[in-house]
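Engineer: Pasting the sequence and the predicted model now:
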Amino acid sequence: MRTTLLLLAISWTSWWYTPDQLGQHYFQAGQYEQAAKTFEDPMWQGTAWYRAGEFEKAAQAFSRRSTDVAKFNAGDAWLMRGKYDLAIACYEEALRKRPGWKEAEENLALAKARAEKVKQEGGDLGDQEEGADEIVFDKKESGGQDTEVESDKATSDKAVQAIWLRQVQTKPADFMKAKFSYQAAQEESP
């Protein structure tokens, strides 16, 4: 009986709303995966997949459009997925379509830097999907090795976070929420 009522409710709403309107409802409720499955518009679908943390699906949705914003957003999704070469290609395409786009230039530089670090042995692997092949413990050496972090590199996470806050194309309420969260995090750090 309960399932029947649920199916009736879903079919009832589908009579009154377009898929994009229904997707918008799910998106505003924070049900990003359901929204992504419902949206027909590739940009909204990609944004919902991005918010759901499904970066590869987001990039694929954005790739269905050829606008500068779609290429930029696809670059962001590939960057978050750790596919730096694909991200670089998307940012370069976005810059071909809109030369001088500051955010695209910054993200392109970031993607190139991350790609270069991945190529270095033991470098930063971004989302940690690729890891060490083998962990070897040196039992002959006593003690460990101290690592010092330079002060300008220690803040690199904040710089990266600030760049990401500027990148996500979303509604003003979400932007303000992210901005205040970023500012609160900055105030908490010494």
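Structural biologist: Nice, thanks for sending it over.
Engineer: all helices of the protein, in order?
Structural biologist: Ranges of helices within the chain are 2-16, 19-28, 32-38, 42-51, 55-62, 68-81, 84-97, 102-119, 151-154, 156-167, 172-188, based on DSSP state H.
Engineer: Which of these has the lowest mean pLDDT?
Structural biologist: Among the helices of the chain, helix 151-154 carries the lowest mean pLDDT, at a mean of 54.
Engineer: and the gap between the closest residue to His25 other than its chain neighbours and Leu86?
Structural biologist: Leaving aside its sequence neighbours, His25 sits nearest to Tyr17 (CB to CB, 6 or more residues apart in numbering; 7.2 Å). C-betas here are computed from N, CA, C, even on glycine. Taking CB to CB, to the nearest Å as the measure, Tyr17 falls 34 Å from Leu86.
Engineer: ok, those two, which is more surrounded?
Structural biologist: In this view Tyr17 and Leu86 are compared by other CB atoms under 10 Å, and Leu86 has more residues nearby, 19 against 14.
Engineer: ok, the closest residue to Lys71 other than its chain neighbours - contacts?
Structural biologist: Distance criterion CB to CB, 6+ apart; nearest residue to Lys71, sequence neighbours excluded, is Ala94 at 3.9 Å. By CB atoms under 8 Å, 6 or more residues apart in numbering, the contact set of Ala94 is 68-69, 71-72, 75, 101, 104.
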